[in-house]
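Kindly return the folded structure for what I paste below:
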Amino acid sequence: MEEKNITVKTVTTQDESCEKEIKSRPKKQKDEFCEKECKVLHYNKHTKTLDIMFDQCGIRIKNVEAFNGTHTTVKYKGEIGKTNFKVFL
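Next up, the predicted model:
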């Protein structure tokens, strides 16, 4: 197998000289969101909260001005239970 995008740098100091291989990997885009259709459990217009079923877990989305329907498509990023999980309408 060949590895692509390998850069070799030579670092020279007063006493030593060494070479380092640096592998450059493509970085993921920071705003890379996935979409998923979820079932709506409940919408409370007084508190402006929308409760949805997302992968067998209940998620509450705040500050939803108005909503009608039984399903919605949400954008999410990360994994449930991790600190990087975010979900948006």
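
can I assume residue 65 is in contact with residue 48?
Yes. Between residue 65 and residue 48 there is a contact at 6.5 Å, judged by C-beta atoms under 8 Å. C-betas here are computed from N, CA, C, even on glycine.

Between those two, which has more neighbouring residues?
Using other C-beta atoms under 10 Å, the more surrounded residue of residue 65 and residue 48 is residue 48, with 14 against 6.

so how far is residue 73 from the more buried one?
19 Å (C-beta to C-beta, to the nearest Å).

Name the nearest residue to residue 36, ignoring sequence neighbours.
residue 74 (5.9 Å; C-beta to C-beta, 6 or more residues apart in numbering).

what residues does the host helix or strand of the one you found touch?
According to DSSP states H and E, residue 74 maps onto strand 71-77. Applying C-beta atoms under 8 Å, 6 or more residues apart in numbering, the contact partners of strand 71-77 are 32-40, 50, 52, 54, 61, 84-89.

What pairs with that strand, parallel or antiparallel?
According to DSSP bridges, strand 71-77 has the following sheet partners: strand 34-44 (antiparallel), strand 86-88 (antiparallel).

So for the very next helix or strand once past the longest one, what gets flagged as buried?
Later in the chain than strand 34-44, the nearest helix or strand by DSSP H and E is strand 49-54. Applying a neighbour-count criterion of 16 or more other C-beta atoms under 10 Å, one finds 50, 52, 54 buried in strand 49-54.

ok, the first one to residue 75 distance?
Counting by C-beta to C-beta, the gap between residue 50 and residue 75 amounts to 14 Å.

joint contacts of those two?
With C-beta under 8 Å, 6+ apart as the test, residue 50 and residue 75 both reach residue 89.
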